[in-house]
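Trainee: how does the following fold in three dimensions:
(one chain, ligands or ions: 1)
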Amino acid sequence: MSAAETFDYVIVGGGTAGSVLANRLTEDPGTTVCVIEGGPSDVGLERVLRLRNWLDLLGGDLDYDYPTVEQPRGNSHIRHSRARVLGGCSSHNTLISFRPFARDLDEWVAAGAAGWDNATVQSYADRIRCNIVPVAPKDRNDLVKDWITASAKATGVPIVEDFNALTSHGGGFHDGVGFLSVAYDPYSGHRSSASVAYLHPVIGRRANLTLLTETWAGRLVLTGDRATGVEVRTPSGERKVVAAEREVVLCAGAIDTPRLLLHSGIGPAADLRAVGVGVRHDLPGVGEHLLDHPESIIMWETHGPVPENTVMDSDAALFVRRDTRDPRPDLMFHIYQIPFADNTARLGYDVPEHAICMTPNIPRSRSRGRLWLTSSDPAVKPALDFRYFTDPDGYDARTIVDGLKIAREIAATEPFRSWLKREVAPGPAVTGDEALSEYGRRAAHTVYHPAGTCKMGAADDPTAVVDPELRVRGLRGLRVADASVFPTMPSPNPMVTVLAIGERAADLIRAG
Ligand SMILES: Cc1cc2nc3c(=O)[nH]c(=O)nc-3n(C[C@H](O)[C@H](O)[C@H](O)COP(=O)(O)OP(=O)(O)OC[C@H]3O[C@@H](n4cnc5c(N)ncnc54)[C@H](O)[C@@H]3O)c2cc1C
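Mentor: Residues are numbered from 1 along each chain as shown. Coordinates of the predicted model:
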């Protein structure tokens, strides 16, 4: 192993939160930062930068592509995409941008995340540099406009022009339908990802920022109870240590951050011993509390091609509130303007040339999963068990059934109805709650939002992995700043919350 290079801070993962943090910490020219990123740079990488290309990235060379273990109540074939490129999942995803609701953050505080209240988190969301705008008029196609009109008619929810305007300092909205806000450049169709907004402007301009791309962090270096560096493998296969004078910050995401901790001997002691990893610090919460937004799908063939103008083929969303005791919506739908057919085709449904899909998802799923190591070899992927649809009172499955029924009501409503030729999946013959539940769970997918595997909680909470200052409990010089710290899942898509975590982490770290 070659000698260590030393920096003030070493950030593992130049992804969504890591890009924000790297930018903010290097604003001070006297602070040195090294970012260790497993993937290549996205600078000039058109297939990544062009947002509409997102589907082509899934399962490819820039995707870590995690399988799940068997899901007896759900779909065992789901693949969890995780981006292997600068900007992380913000370079892979659809960049749908929702601020968290006030009530989501009330739950964080109640779970022990003191200081992560709505006013504070929204003030960090105000700082986000990504170009978050409602879908531009030129990208609004007639089919989606008609879907919005029909959804409002069928469900009675208002049409919303700018969802985030209602959330930023207003607490959120009960329900609504409209075009999404997206982090993109409407003129070029390019992403405004975390790397585009936070790293591209400073790459090559800040001498205190070192980016090591195509470099994999295998283990943390612990000196006593202090994290002092990271063992890495460089693109040429060389192994070396990158040393941190002040802190190591893990921003490797909700799967790879706990994976790295576990391989470093930080996690549930019995599990580590079972795979032959030496225990350095018994921390039972690492890998537990795996959260997600599960979704299902209902598909219609359209009479003809869907109009071409779009941002990324999924331009609008509907939020419905069934339980009026809670101010937040409890059912969300994305619309896909393409046949999003992986799971339906596997079940034997045909794939029409032109189709639209509604994908009802569960904003606050009650099922809880976990991840764990199956080998001491850092190259072996961890096991992921989301335990989809296992909540004891059946809330998750019921939500999907409600979603499929509401989708059919929308499909029967003009002006959307006239676009549709036939229901492809599950097909009109599948009716009744039991049959819809069976189909909905077997065709289920993920909105790709794993989170919570290093959850934040009160400093004396033994199930928490980090305290409200994002410090790993019981160790020094080590923090986590990414989606793994979520104490609970924000109701809408989580990227803005992750960006805000990156912003706030910088302040917490600077404060010492
Ligand atoms: C296909 C897809 C679509 C999505 N759509 C949306 C959406 O539209 N809106 C939304 O809000 N959310 C969306 N999400 C979710 C959202 O993108 C993520 O929740 C968020 O980006 C996670 O950020 P993060 O910082 O936690 O991790 P990431 O952004 O995944 O960053 C982790 C980084 O760490 C690097 N890394 C990991 N392990 C190592 C290691 N050992 N050594 C070195 N580097 C390492 C990775 O290469 C990566 O760059 C989507 C996700 C996917 C995959």
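Trainee: report the closest residue of the stretch 301-450 of the chain relative to the ligand.
Mentor: Here the residue of the stretch 301-450 of the chain nearest the ligand is residue 448; by CB to the nearest ligand atom that distance is 3.3 Å. Quick note: C-beta positions are derived from backbone N, CA and C, even for glycine.
Trainee: ok, now the stretch 101-250 of the chain?
Mentor: For the stretch 101-250 of the chain, the nearest residue to the ligand under the criterion CB to the nearest ligand atom is residue 217, separated by 3.6 Å.
Trainee: could you list every helix and strand in contact with the helix or strand containing that residue?
Mentor: Per DSSP states H and E, residue 217 falls inside strand 216-223. Based on contacts counted as 3 or more CB pairs under 8 Å, 6 or more residues apart in numbering; DSSP states H and E, the elements that strand 216-223 packs against are strand 226-233, strand 239-250, helix 253-263.
Trainee: tell me the most buried of those?
Mentor: Taking mean count of other CB atoms under 10 Å as the contact definition, the stretch among these with the greatest mean neighbour count is helix 253-263, which reaches a mean of 27.
Trainee: what helices or strands is that helix leaning on?
Mentor: Checking 3+ CB pairs under 8 Å, 6+ apart, helix 253-263 ends up next to strand 216-223, strand 239-250, strand 370-372.
Trainee: and it, C-alpha only, in PDB?
Mentor: Taking Å, rounded to 0.1, in the frame of the first residue of the first chain, the C-alpha atoms of helix 253-263 are listed here in PDB:
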ATOM      1  CA  GLY A 253     -25.400   6.900  -0.700                       C
ATOM      2  CA  ALA A 254     -27.900   4.700   1.100                       C
ATOM      3  CA  ILE A 255     -26.500   1.400  -0.100                       C
ATOM      4  CA  ASP A 256     -22.800   2.100  -0.300                       C
ATOM      5  CA  THR A 257     -22.300   4.200   2.800                       C
ATOM      6  CA  PRO A 258     -23.500   1.400   5.200                       C
ATOM      7  CA  ARG A 259     -21.600  -1.100   3.000                       C
ATOM      8  CA  LEU A 260     -18.400   0.800   3.500                       C
ATOM      9  CA  LEU A 261     -19.000   1.100   7.300                       C
ATOM     10  CA  LEU A 262     -19.700  -2.700   7.500                       C
ATOM     11  CA  HIS A 263     -16.600  -3.600   5.600                       C
END
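Trainee: show me where the stretch 351-500 of the chain has helices.
Mentor: With DSSP state H, counting those that start in this stretch applied, the stretch 351-500 of the chain shows helices at 395-411, 433-442, 495-510, listed in chain order.
Trainee: now render those as TSV, adding distance to residue 421, mean pLDDT and mean neighbour count.
Mentor: As requested, these are arranged in TSV below (distance: least, CB to CB, whole Å; pLDDT from 0 to 100; neighbours: other CB atoms under 10 Å):
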stretch	distance to residue 421	mean pLDDT	mean neighbour count
helix 395-411	11	98	21
helix 433-442	20	98	18
helix 495-510	35	98	24
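Trainee: among those, which comes closest to residue 101?
Mentor: Judged by CB to CB, the one of these that comes nearest to residue 101 is helix 495-510, at 10.3 Å.
Trainee: near the ligand at all, the closest one?
Mentor: Yes. Figure legend: helix 495-510 in contact with the ligand (CB under 6 Å from any ligand atom); contacting residues 495, 498.
Trainee: coming back round to it: using JSON lines, lay out the helices and strands packed on strand 216-223 together with distance to the ligand and mean pLDDT.
Mentor: Output for the helices and strands packed on strand 216-223, formatted as JSON lines (distance: least, CB to the nearest ligand atom, whole Å; pLDDT from 0 to 100):
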{"stretch": "strand 226-233", "distance to the ligand": "7", "mean pLDDT": "98"}
{"stretch": "strand 239-250", "distance to the ligand": "9", "mean pLDDT": "98"}
{"stretch": "helix 253-263", "distance to the ligand": "3", "mean pLDDT": "98"}
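Trainee: those: which one's closest to residue 183?
Mentor: Of all the helices and strands packed on strand 216-223, helix 253-263 sits nearest to residue 183, with 17.7 Å by CB to CB.
Trainee: quick one: the closest one to chain centroid distance?
Mentor: Taking CA atoms, centre = their mean, to the nearest Å, the mean C-alpha location of helix 253-263 is offset from the chain mean by 15 Å.
Trainee: skip ahead from that helix and say which helix or strand is next.
Mentor: From helix 253-263 onward toward the C-terminus, using DSSP H and E, the following helix or strand is strand 266-267.
Trainee: and that following strand, is it in reach of the ligand?
Mentor: No. Judged by CB under 6 Å from any ligand atom, strand 266-267 stays clear of the ligand, getting no closer than 13.9 Å.
Trainee: please consider this matter closed, and thank you.
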